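S.K.: What follows is a protein structure lacking sequence information:
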């Protein structure tokens, strides 16, 4: 029958049983581990400790090095036992572990632990992991995989699961197939592409739920949480076969499921055959076997992977769960595959995750909740769970960059990912943990995508002011100082004017910050769009520019005056990394009760970036309704980021310049300009319904957060 590939990469490293709740320490450890088969513990390290505030810089560094060495000693002592590292710490002498009875006994005998006390677990869910990789942010601006398909080559997918429905009347699974050398396909056949052929197997309880779980991570859609590409569709291909007896030694169940190399190749070939039927972003393989310290490009997997790559379909493969420090499994060892290792929700690499220079990316893979056959959910761990995060992200990237090659998408994830170092790899490796929103913004900015119009304002208009809030160093590194505060000064509202609406717009670079303090009150904004750093800056490793908008009650902006803002870019470093503030603008819409001149204001919000010599940032005002004669009052208001004293072309409106050249020089403070530009009469003749507005760059990169067009007869 040949040698089967080891089944489902999640299953060898981490059990699926629920973790015990927190309990008393000490003598209850033995009772818990015997009752549940594992116990979570906080282990004290055998080193002296002094609070860091009492130490000088040299002593602090030495103590941290001692903690790292002692942590490594504990991990080495537990090799060969069933255990899992939950947390390691940089500044306190502890390590948190999940221990089997054998591992607990080994720990006690090793002499490496100063103390052992029971811990509890707060398991992450899929909702948390999609937040970590920015998939929730991406979905909020429409980057959700719609129109794209992810192929799941696994143990079958429960297409009737509520989590795997596009809408109440449409299932996500658009095509099915099965390839099984042992004749384990429905009806006992060895291959089928018929409807119903891609359903889950039923002969191996653990592995047969695996494909449904993987599919949910990549593309599940639910009311309270969703997978990465919530609007993507699924190709379900079952490539597993039933085995018994000696073939199941080490599998954890008998009968068990494994996949032949030849069936995997057939599955990849099926994906290639569907390339013109569906727009496929990626094929996911959460399986593997063997140990490869270098690329296995003589493998028969190379050709089908390269075929898919040549038509812009990535083959995303889990690195494996044997805990290798310098190897990955096959077919992840193929150099043209996208090989994925696992991180936890603290961006640490679990000990089960295979690592080597062949790993391309990291993604969350520890205790991830997703769908299982029959309509339920469970949490599983492994690189099997990490890979579909990347496969779903690839579908989103292909939605945004529809013609992007696999290499181009990979480069976008590399430019924008958060670097994570696996210190146990030999040699040590640093790879990017993917950030979906930032990678999508790198491929294509979201534009000024949100339109808000105020029409027929009685003798009204729009006024605005901005303030620069950037605090990064001249080298554009991550800021280490507290967020800046500033003032927004509103002028130009007539004495008898009435404020109808006020919008606070702010922009961050490098990471999210949905909150701001305005007039002493915390406000929560809505994400308007994102754009790339484009290699122009180096804040938080290329994380996207983000534009947020909060609507301020009109009563809180009663008219002309000075308004305080603070807190932009104030989120903790944490998992997302610390962003910097860029700038903020307060935009005020007003009218004059009893005024006779109706005024229209068209606002656009979002995010764009232009680098020197690149395509100009462009948007259009549409839905304009010009009076029978050219209105005498015409104005364009804009918020432009990163204004410095560089030579840049004039802003264009309807193909003509409306600003001076090099106008964006930080007039509102470092890195921000808020300008009001007059529009010549000839650019808005009677009958105008749309006008394009653009800005290029020749000396420095620029970003754009909002634009407002006002005209009054």
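M.R.: Structure's in. What do you need? Source: prediction; values computed, not measured.

S.K.: Please determine how far the residue nearest to residue 468 when sequence neighbours are not counted is located from residue 469.
M.R.: Leaving out its chain neighbours, the residue that sits closest to residue 468 by Cβ to Cβ, 6 or more residues apart in numbering is residue 669, at 2.8 Å. No exception for glycine: its C-beta is placed from N, CA and C like everyone else's. Per Cβ to Cβ, to the nearest Å, residue 669 is found 7 Å from residue 469.

S.K.: Between these two, tell me which one has more neighbours.
M.R.: residue 469 (28 against 19; other Cβ atoms under 10 Å).

S.K.: Was I right to think the more buried one contacts residue 579?
M.R.: No. With contact defined as Cβ atoms under 8 Å, residue 469 does not reach residue 579; the gap is 10.8 Å.

S.K.: Count the neighbours of the nearest residue to residue 357 once chain neighbours are set aside for me.
M.R.: Take residue 357 and drop its neighbours on the chain: the residue closest to it by Cβ to Cβ, 6+ apart is residue 429, 6.2 Å away. By the measure other Cβ under 10 Å, the count of residues near residue 429 is 21.

S.K.: Quick one, grab the pLDDT at residue 429.
M.R.: On pLDDT, residue 429 comes in at 95.

S.K.: And the one 10 residues further on, by the same measure?
M.R.: Listed pLDDT for residue 439 reads 96.

S.K.: helices or strands up against the helix or strand hosting it?
M.R.: Using DSSP states H and E, the element containing residue 439 is helix 436-443. Contact here means 3 or more Cβ pairs under 8 Å, 6 or more residues apart in numbering; DSSP states H and E; on that basis helix 436-443 packs against helix 135-140, helix 383-400, helix 406-416, strand 526-531.

S.K.: what's the overlap in contacts for residue 469 and residue 579?
M.R.: residue 569 (Cβ atoms under 8 Å, 6 or more residues apart in numbering).

S.K.: mind giving me the domain ranges of the protein?
M.R.: Under the assignment automatic domain parsing, the domains of the chain span 28-118, 126-405, 447-712.

S.K.: Tell me which residues are up against the lengthiest helix in the chain.
M.R.: As assigned by DSSP state H, the longest helix anywhere in the chain is helix 57-77. For helix 57-77, contacts defined as Cβ under 8 Å, 6+ apart pick out 43, 45-47, 49-50, 52, 55, 85, 88-93, 95, 97, 106-107, 110, 112-113, 351, 423-424.

S.K.: tell me which residues in it are buried?
M.R.: For helix 57-77, burial by neighbour count (16 or more other Cβ atoms under 10 Å) applies to 60, 63, 64, 67, 70, 71, 73, 74, 75, 77.

S.K.: likewise stretch 591-601?
M.R.: Result for stretch 591-601 [16+ other Cβ under 10 Å]: buried residues 591, 592, 595, 597, 599, 600, 601.

S.K.: from memory the fourth one sits against residue 456, does it?
M.R.: Okay, so that is residue 597. No. Between residue 597 and residue 456 there is no contact under Cβ under 8 Å: 10.3 Å.

S.K.: ok, now which ones touch residue 299?
M.R.: 330, 331, 333, 334.

S.K.: Which among those count as buried?
M.R.: Buried, going by 16+ other Cβ under 10 Å: 330, 331, 333, 334, out of these.

S.K.: Can you tell me the SS state at the last one?
M.R.: What that stands for is residue 334. coil (DSSP: H, G, I helix; E, B strand; the rest coil).

S.K.: dump the residue contacts of it.
M.R.: When contacts are counted by Cβ under 8 Å, 6+ apart, residue 334 touches 295, 296, 297, 299, 301, 302, 305, 315, 317.

S.K.: hang on, the earlier thing: name the nearest of the buried ones among the contacts of residue 299 relative to residue 162.
M.R.: residue 331 (32.2 Å; Cβ to Cβ).

S.K.: Provide the backbone phi and psi angles at residue 456.
M.R.: Main-chain dihedrals, residue 456, degrees, to the nearest 10: phi 70, psi 30.

S.K.: For the remainder of this discussion, apply numbering that starts at 304.
M.R.: Fine by me, first position is 304 from now on; the one you just mentioned is residue 759.

S.K.: any idea how far residue 991 is from the residue nearest to it when sequence neighbours are not counted?
M.R.: Distances taken as Cβ to Cβ, 6+ apart put residue 901 closest to residue 759, at 4.6 Å, once the chain neighbours are dropped. Distance of residue 901 to residue 991, given as Cβ to Cβ: 16 Å.

S.K.: Same question for residue 346.
M.R.: When residue 346 is compared with residue 991 (using Cβ to Cβ), they lie 72 Å apart.

S.K.: Looking at those two now, which is surrounded by more residues?
M.R.: Counted by other Cβ under 10 Å, residue 346 and residue 991 do not tie: residue 346 has more neighbours, with 23 against 16.

S.K.: Quick one: residues contacting the more buried one.
M.R.: 377, 397, 398, 399, 400, 410, 416, 418, 419.

S.K.: The host helix or strand of it pairs with which strands, parallel or anti?
M.R.: If you go by DSSP H and E, residue 346 is part of strand 342-348. In the sheet, strand 342-348 lines up against strand 397-402 (antiparallel), strand 416-421 (antiparallel) (DSSP bridges).

S.K.: how far does it sit from the chain's center?
M.R.: Its chain's C-alpha centre and that of strand 342-348 lie 31 Å apart, by Cα atoms, centre = their mean, to the nearest Å.

S.K.: cool, and stretch 728-744?
M.R.: 11 Å.

S.K.: Quote the end-to-end distance of it.
M.R.: Stretch 728-744 stretches 31 Å from its first residue to its last (Cα to Cα, to the nearest Å).

S.K.: tell me which residues of it are tucked away?
M.R.: Buried residues in stretch 728-744 (16+ other Cβ under 10 Å): 728, 732, 734-744.
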